[in-house]
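Colleague: Next one to model:
(chains A and B, ligands or ions: 2)
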2 protein chains.
Amino acid sequence: MLKRSFVRWVNQLSPVQLIFVFYFIAVLFATALLVLPVAHQDSADPAFIDIVFTAVSALSVTGLSTVTLPEVFSTTGITMLAVILQLGGVGVMAVGTFIWVIIGKKIGIRERRLIVADQNQTTFSGIVQLVKEILLVIVVIEFIGFLILGTYFLQYFPTVKEAYFQGFFGAISATTNGGFDITGQSLIPFKHDYFVQFINMLLIVFGAIGYPVLIELKAFLFSRRDPSDKSFKFTLFTKVTSLTFLALVFIGTVIILLLDSKDFFADKSWHETFFYALFQSVTTRSGGLSTLDVSQLTEPNQLFMSALMFIGGSPSSAGGGIRTTTFALAMLFIFTYARGKSRVRLFNREVYNDDLMKAVTVMLMAFIFVLGSTIIISIVEPFDLTKILFEVTSAFGTVGLSLGITGKLTMFSKIVLMILMFIGRVGILTFLLIFKDNKTTGNYRYPKEKIIIG
Amino acid sequence: MLKRSFVRWVNQLSPVQLIFVFYFIAVLFATALLVLPVAHQDSADPAFIDIVFTAVSALSVTGLSTVTLPEVFSTTGITMLAVILQLGGVGVMAVGTFIWVIIGKKIGIRERRLIVADQNQTTFSGIVQLVKEILLVIVVIEFIGFLILGTYFLQYFPTVKEAYFQGFFGAISATTNGGFDITGQSLIPFKHDYFVQFINMLLIVFGAIGYPVLIELKAFLFSRRDPSDKSFKFTLFTKVTSLTFLALVFIGTVIILLLDSKDFFADKSWHETFFYALFQSVTTRSGGLSTLDVSQLTEPNQLFMSALMFIGGSPSSAGGGIRTTTFALAMLFIFTYARGKSRVRLFNREVYNDDLMKAVTVMLMAFIFVLGSTIIISIVEPFDLTKILFEVTSAFGTVGLSLGITGKLTMFSKIVLMILMFIGRVGILTFLLIFKDNKTTGNYRYPKEKIIIG
Ligand SMILES: [K+]
Ligand SMILES: [K+]
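Modeller: Numbers count the residues shown, from 1 in each chain, chains lettered A, B, ... in the order given. Ligands and ions are numbered 1, 2, ... in the order given. Okay, the predicted model is just below:
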């Protein structure tokens, strides 16, 4: 009886509202795991809000933390965290569907639409296949990362077990773009080890560049039997998102390097400076791991990195923020508009006006959310505006870099950050659909009248 | 020969490019006036950049100042400043056309289009009439303000001449939303004189609510011969802009009051608090005069006022910023979009989708300009981010409130602020049209392809 009314309640929800419910259940589940005494160090007694914060941060693969993980969580707790990261990285919905597939339930149109919204896919076909492929690709990447890092770490850690455990957690944290660390100081211990940095950057990029790109890349590399067959075409989406991703990494590296050239990088060699700047640029795409203490950079650099984090990763990836394609299309639209033209062309394709308008709207709303949250948090917190803005964009971009104030915030601000991590992870468009009015509007139209703008 | 090639050069410019040229000439003219020794106090020796800054600030009716006016400028200089404010307030273009009309030149389609762009009017009809009406309305309001303030000031100033000179400059500075003061500390000397404050608020509102509103109001009040004739209808534009203006003043007052209730307002009586909050709310619409030292308010309040200044005044007014209608339509669009609907209805009229998209685009671009300028200025200046953001939004909104750092800025930052004042005054849409490509685009269209957004 109770079960039937629950089923009826679920059935009347829209797909996006269902996603919200699923995320909520996932947060409950993750919190229930992390609150267990077996998950904690004997000496630790974490506050409940900090456990919830860790759960939300892990599920949204943000990596912001109000506590120092290895001080609070036991090896069991950290293993649980790795599982939660994996769940968040691949997408709660994708995992849910995969379980459905395994237990033999036929995937109906309703469940497919669920995944469609969560992964931002525009067609229904092959959704189940897609989820399988996502999981496969991610697990293969993680496993290779685990083997490389674990083996390499044998020189750093006293026991084989500890080296491979570090490799296990590190590979998952980097690939899912979780950004959590169990060293207690992110990748700073490896600030001179360019190999560890290179592997981590590679794993972060795999997680943040978007699953569709990975799957197209896989198809390109392995599906083409005949090498003379030139018919394979990357989609416009893959071209746009990859190019924007690379451009952001490149421009980010150069500007981060310049903004601290007379400060943090003043006494560093050219290769140290280059790797520091490159890693920080890559990590703002949504990785969140860091090879330096961001609070030691100049304030303009912190602001610039806030802007990078605001943009975030690619759509349908483990990243957050407004997404690379949104940024690219919004910028293209503005430049086109300024030149008085109406059509945007990319790689011999015309972009739908509807997509351009979506991009502009998403970016505007993101500004309002992020700046609004910054002002609201500044009312209750004593910290500098730059610091608050940095934590807010880090949460919205699900990046997880921090100027060190997250743990000192009031419960109110922690809740605001949790909401931002959720919005950043599911994306603003999906988030807004939660409020969608299902009733159809009347067909009667009022006369139109022009209004002067700006 | 030289003259002919100049005429040819002018003729090939687009209307908006011409506006840019006209503004540039106006800045040259204003600077040439203010650089004259007769304009200065004997003891003063202002730097050239500060004179240019004052000229740009006056022409854009912003009121930001790098110097204390009465210390630097003589009575002659201040009278020149009043003339420049008047020129800027009514619009350089409107004045230009009026002069054309006076010297008997027939207003052709080309000149009409010029005014159309400067005053953001959507139809060509009655443009000349409009400019005449604008000038008439403004001068009448200013003259009444001058009589009231000058007469009332007799109790404050030792001579009749000084009282009426203060009234003259005060009325022009308030009505044109210039926001300059010759008291050396804005309206703080009148912080307990609610009558002076009330008159100033009234004049500021007249200048910032938009000329079309004033002219419709004039038509409503004086043109209706038959009192039983109910056929007069305010345009949708007037309804939207007036309602938004009033809503912003109301919400602004309440929040400014709340954000300092335990700080600046803690030891003030209820009527002092109310007038302080109300005046500061009104002045952020683009007035720029102030009854208190804004730097004494809490940081969240300064941020909130930055947001208000970012919005600015009504279109086709003496105000700047993104404009009230832009803000209203962008917010309406977002809420409509979030509810999954596509049409926006207001007062039994449907708003054009094109106008909604313009509003969203303008607001997004304004965020990029303002935040970009803030980050760039923060690279060269040692001041707090909040202070820089405040001066930047004050310049963009052509408001003129200051946390006191404008005079301490480097030349680079002063130039950035001057550009922002120009963009804020002409409006982002007009500004962008400067870059418009006149060449027509080819008719060949590429195939369309969807891209995943956000
Ligand atoms: K992250
Ligand atoms: K002003």
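Colleague: CA atoms only for the one helix or strand residue A:246 maps to, dumped as CSV, please.
Modeller: For residue A:246, the element it lies in under DSSP states H and E is helix A:236-259. Backbone C-alpha positions of helix A:236-259 (Å, rounded to 0.1, in the frame of the first residue of the first chain) are rendered in CSV as follows:
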residue,chain,number,x,y,z
LEU,A,236,30.6,19.3,-34.2
PHE,A,237,30.2,19.0,-30.4
THR,A,238,33.4,17.1,-30.0
LYS,A,239,35.3,19.6,-32.2
VAL,A,240,34.0,22.6,-30.3
THR,A,241,34.4,21.2,-26.8
SER,A,242,37.9,19.8,-27.4
LEU,A,243,39.1,23.0,-29.0
THR,A,244,37.7,25.2,-26.3
PHE,A,245,39.2,22.8,-23.6
LEU,A,246,42.6,23.0,-25.2
ALA,A,247,42.4,26.8,-25.7
LEU,A,248,41.4,27.3,-22.1
VAL,A,249,44.3,25.2,-20.9
PHE,A,250,46.8,27.1,-23.1
ILE,A,251,45.5,30.6,-22.3
GLY,A,252,45.1,29.7,-18.6
THR,A,253,48.7,28.5,-18.4
VAL,A,254,50.1,31.7,-20.0
ILE,A,255,48.1,34.1,-17.9
ILE,A,256,48.6,32.2,-14.6
LEU,A,257,52.4,32.3,-15.4
LEU,A,258,52.4,36.0,-16.2
LEU,A,259,50.2,37.1,-13.2
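Colleague: Buried by neighbour count: which residues of that helix qualify?
Modeller: Buried residues in helix A:236-259, defined by neighbour count with 16 or more other CB atoms under 10 Å in any protein chain shown: A:236-242, A:244-245, A:248-249, A:252-253, A:255-257, A:259. Quick note: C-beta positions are derived from backbone N, CA and C, even for glycine.
Colleague: That helix packs against which elements?
Modeller: Using 3 or more CB pairs under 8 Å, 6 or more residues apart in numbering or on different chains; DSSP states H and E as the contact test, the elements touching helix A:236-259 are helix A:211-218, helix A:270-282, helix A:299-311, helix A:324-338, strand A:345-346.
Colleague: Quickly compare those and say which is most buried.
Modeller: Greatest average neighbour count among the helices and strands packed on helix A:236-259 goes to helix A:299-311 (a mean of 24), per mean count of other CB atoms under 10 Å in any protein chain shown.
Colleague: among the helices and strands packed on helix A:236-259, which is nearest ligand 1?
Modeller: Closest approach to ligand 1 among these (CB to the ion): helix A:299-311, 9.5 Å.
Colleague: how about the helices and strands packed on helix A:236-259 in TSV, adding distance to chain B and mean pLDDT?
Modeller: Below are those laid out as TSV (distance: least, CB to the nearest CB, whole Å; pLDDT from 0 to 100):
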stretch	distance to chain B	mean pLDDT
helix A:211-218	8	79
helix A:270-282	16	92
helix A:299-311	4	93
helix A:324-338	4	86
strand A:345-346	5	76
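Colleague: Mind putting the ones you listed into TSV with distance to ligand 2?
Modeller: As requested, these are exported to TSV (distance: least, CB to the ion, whole Å):
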stretch	distance to ligand 2
helix A:211-218	49
helix A:270-282	40
helix A:299-311	27
helix A:324-338	26
strand A:345-346	42
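Colleague: what's in contact with stretch A:257-265?
Modeller: Contact partners of stretch A:257-265, identified using CB atoms under 8 Å, 6 or more residues apart in numbering or on different chains, comprise A:272-274, A:276-277, A:292, A:296-298, A:300-301, A:304, B:379.
Colleague: let's see it at 7 Å
Modeller: Contacts with stretch A:257-265, where a contact means CB atoms under 7 Å, 6 or more residues apart in numbering or on different chains, come from A:273, A:276, A:277, A:296, A:297, A:298, A:300, A:301, A:304, B:379.
Colleague: Any stretches of chain A with poor pLDDT?
Modeller: Residues of chain A that meet the criterion pLDDT under 70 lie in A:1-4, A:6-7, A:10-16, A:92-128, A:130, A:223-232, A:341-342, A:434-454.
Colleague: where along it do the strands fall?
Modeller: Using DSSP state E, the strands of chain A run over A:345-346, A:349-351, A:448-449.
Colleague: okay, the ones you listed, which one's buried deepest?
Modeller: strand A:349-351 (a mean of 19).
Colleague: Given it, what are its sheet partners and their directions?
Modeller: Here strand A:349-351 is paired, per DSSP bridges, with strand A:345-346 (antiparallel), strand B:448-449 (parallel).
Colleague: And stretch A:177-194, how far out from the chain middle?
Modeller: Chain-centre distance of stretch A:177-194: 18 Å, with CA atoms, centre = their mean, to the nearest Å.
Colleague: anything in it sitting right up against ligand 1?
Modeller: Yes: Stretch A:177-194 comes into contact with ligand 1 when judged by CB under 5 Å from the ion, the residues involved being A:177, A:179.
Colleague: contacting residues around that stretch?
Modeller: A:58, A:61-63, A:65, A:68-70, A:78, A:81, A:85, A:89, A:169, A:172-173, A:196-197, A:200, A:204, A:207-208, A:275, A:286-293, A:313, A:318-319, A:399-400.
Colleague: In helices, which of those appear?
Modeller: A:58, A:69-70, A:78, A:81, A:85, A:89, A:169, A:172-173, A:196-197, A:200, A:204, A:207-208, A:275 (DSSP state H).
Colleague: what's the spacing between the residue of the stretch 301-450 of chain A found nearest ligand 1 and residue A:367?
Modeller: Nearest residue of the stretch 301-450 of chain A to ligand 1: residue A:400, at 3.9 Å (CB to the ion). According to CB to CB, to the nearest Å, residue A:400 stands 21 Å off from residue A:367.
Colleague: So which of those two has more stuff around it?
Modeller: When residue A:400 and residue A:367 are compared for neighbours, residue A:400 comes out ahead with 31 against 19, by other CB atoms under 10 Å in any protein chain shown.
Colleague: Quick check, that one in contact with residue A:58.
Modeller: No: taking CB atoms under 7 Å as the definition, residue A:400 is not a contact partner of residue A:58, at 10.1 Å.
Colleague: Go back to the buried residues of helix A:236-259 and keep what's next to ligand 2.
Modeller: Among the buried residues of helix A:236-259, no residue lies close to ligand 2 (CB under 5 Å from the ion).
Colleague: center of chain A, which residue is that?
Modeller: What sits nearest the mean C-alpha location of chain A, by CA atoms, centre = their mean, is residue A:319, with 2.0 Å.
Colleague: Excluding covalently adjacent residues, which one is nearest to that residue?
Modeller: residue A:313 (1.7 Å; CB to CB, 6 or more residues apart in numbering or on different chains).
Colleague: contacting residues around that neighbour?
Modeller: Residues near residue A:313 by CB under 7 Å, 6+ apart: A:177, A:208, A:285, A:286, A:319, A:320, A:321, A:323, A:324.
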